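> Mind looking at a prediction? Sequence and model below.
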Amino acid sequence: MTTKRILCIGGSGQLGRYVTKTLQPYLITNIDYNHCENSKINILLKKNLSTSENNKEVIAELKNNHSSIKYDSIIVTAGGWTQGSIKDDDYLTKTNNMIDVNLIPSLLGAHLATKYLS
């Protein structure tokens, strides 16, 4: 029986650590800002790059160094929450942060699924 391969986006966060620990018998690739001890491969994002630049680097890393790998599942555990109100002066900053933290990782996962999902 072949070992399943899992791509986890956000495997270093609270939810991601639990998911990767639960799926540890499988070969897990983690994409996150921090190393995930439960993952065989870690593709680390750079905090000094924009979301767009990090996405380009992840796509290039997978294409150049892991293109032969096909994943059985792609799981997005990245995300977050921020408190605020539409009446706050910085409402747009908080909204953009929520998009970067929640929507962009899901879009990256969907994009990678078109290329690397078996």
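The structure has been received and is ready for your questions.

> Dump the C-alpha coordinates for the helix ranked longest in the chain into CSV.
Taking DSSP state H as the criterion, the chain has its longest helix at helix 51-65. The C-alpha trace of helix 51-65 is given here as CSV (Å, rounded to 0.1, in the frame of the first residue of the first chain):
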residue,chain,number,x,y,z
THR,A,51,1.3,37.8,0.2
SER,A,52,1.6,37.9,-3.6
GLU,A,53,5.3,37.5,-3.5
ASN,A,54,5.1,34.6,-1.1
ASN,A,55,2.5,32.9,-3.3
LYS,A,56,4.8,33.2,-6.3
GLU,A,57,7.7,31.7,-4.3
VAL,A,58,5.6,28.8,-3.2
ILE,A,59,4.5,28.1,-6.7
ALA,A,60,8.0,28.3,-8.0
GLU,A,61,9.3,26.1,-5.1
LEU,A,62,6.8,23.4,-5.9
LYS,A,63,7.4,23.6,-9.6
ASN,A,64,11.2,23.5,-9.4
ASN,A,65,11.8,21.1,-6.5
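
> who touches the residue nearest to residue 47 when sequence neighbours are not counted in this structure?
Nearest residue to residue 47, sequence neighbours excluded (CB to CB, 6 or more residues apart in numbering): residue 33, at 6.1 Å. C-beta coordinates here come from the backbone N, C-alpha and C atoms, glycine included. If you count contacts by CB atoms under 8 Å, 6 or more residues apart in numbering, residue 33 has them with 12, 44-45, 47.
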